[in-house]
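In: What shape does this take:
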Amino acid sequence: MSLIAAKGIDKEYQTGEAAVKALKGISFEIAPASFVSFIGPSGSGKTTLLNLIGCLDKPTKGKLEVADTDVLHLDRKQSALFRGNNIGFIFQDFNLLPVLTVYENIEYPLLMVQSAPASERKKRVTALLNAVGMIDQKDKYPDQISGGQKQRVAIARALVTNPKLVLADEPTANLDHKTAYMVIELMKKMRDEFRTTFIFSTHDQKIVGEAEIIFTLEDGNLLDRHVEGGKRNE
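Out: Model prediction:
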């Protein structure tokens, strides 16, 4: 059973009179509770592919199913609702709201997306604060905590809606190597605890080795798929 199934995905952008093909016939499957990395140089198509999986954009051609839903045929309102119920996002610049506390930043999606009652919000947020080791920082504001702590909050926020999938575009880009490893290990721990699939893109070869499945992209083509940190899947 696949959580994500892509078949023959093309993505084309119009730049003036020229058409630029960002993805070329991409096909792959990803199972539930996977820990996956898309790697490749700048311009290889990593972010474009994450945007398609995250229903932030649509393929020009091909078929893409996420959580048993043909996302190609969702309109804008349906895409937003689907994202809110099924997908969490982690950003390299954290994207925390500076006027909200750590607790309030994690709670925010439950207010904006799912309108959860107060008792349920408190239960979920508190559980995740404990899970990411930030319960003692819950009343601080983003400018009062470190980069690694901000990314912990971002991971908790991504998980608070109980998504099937979390997408992270270069989630360790603004962190030192030690903190980056800690963040990746925390993501793995959260995957094991919540059975959520994590997909992240990265340039960092040291971090790549922490992934269990690695897809290599170059010039919009899917070149290779490795399993267990580089062990080739035959």
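In: Distance check, the residue nearest to the spatial centre of the chain against Asp139.
Out: For the chain, Leu167 is the residue whose C-alpha lies nearest the centre (CA atoms, centre = their mean; 0.8 Å). To Asp139, Leu167 is 29 Å away according to CB to CB, to the nearest Å. Bear in mind the C-beta positions are built from the backbone N, C-alpha and C, glycine included.
In: ditto for Arg225
Out: Separation of Arg225 from Asp139 (CB to CB) stands at 44 Å.
In: So for the two, which residue has more residues nearby?
Out: Arg225 (14 against 10; other CB atoms under 10 Å).
In: So that one: helix, strand or coil?
Out: strand (DSSP: H, G, I helix; E, B strand; the rest coil).
In: tell me what the longest helix along the chain is packed against?
Out: As assigned by DSSP state H, the longest helix anywhere in the chain is helix 177-194. Packing partners of helix 177-194 (3 or more CB pairs under 8 Å, 6 or more residues apart in numbering; DSSP states H and E): strand 35-39, helix 118-131, helix 147-159, strand 197-202, helix 205-208.
In: Which one of these lies nearest to Asn95?
Out: Among the helices and strands packed on helix 177-194, helix 147-159 comes nearest to Asn95, with 7.0 Å by CB to CB.
In: List of residues touching that closest one?
Out: Identification of contacts with helix 147-159 by CB atoms under 8 Å, 6 or more residues apart in numbering yields 88-91, 94-96, 102, 105-106, 108-109, 125, 128-129, 131-134, 137, 142, 145, 166, 168, 171-172, 174-175, 179, 182-183, 186-187, 190, 194, 196.
In: at 7 Å instead, please
Out: 88-91, 94-96, 102, 105-106, 108-109, 128-129, 132-134, 137, 142, 166, 171, 174-175, 179, 182-183, 186-187, 190, 194, 196 (CB atoms under 7 Å, 6 or more residues apart in numbering).
In: Excluding sequence neighbours, find me the nearest residue to Lys61.
Out: For Lys61, ignoring the flanking residues on the chain, the nearest one in space by CB to CB, 6 or more residues apart in numbering is Asp10 at 3.9 Å.
In: re earlier: so which of the helices and strands packed on helix 177-194 is nearest Leu217?
Out: Here strand 35-39 is closest among the helices and strands packed on helix 177-194 (CB to CB), at 6.0 Å.
In: now that closest one and strand 197-202, what's the angle there?
Out: Interaxial angle of strand 35-39 relative to strand 197-202 (axes from the mean of the first three to the mean of the last three CA atoms, to 10 degrees): 20 degrees.
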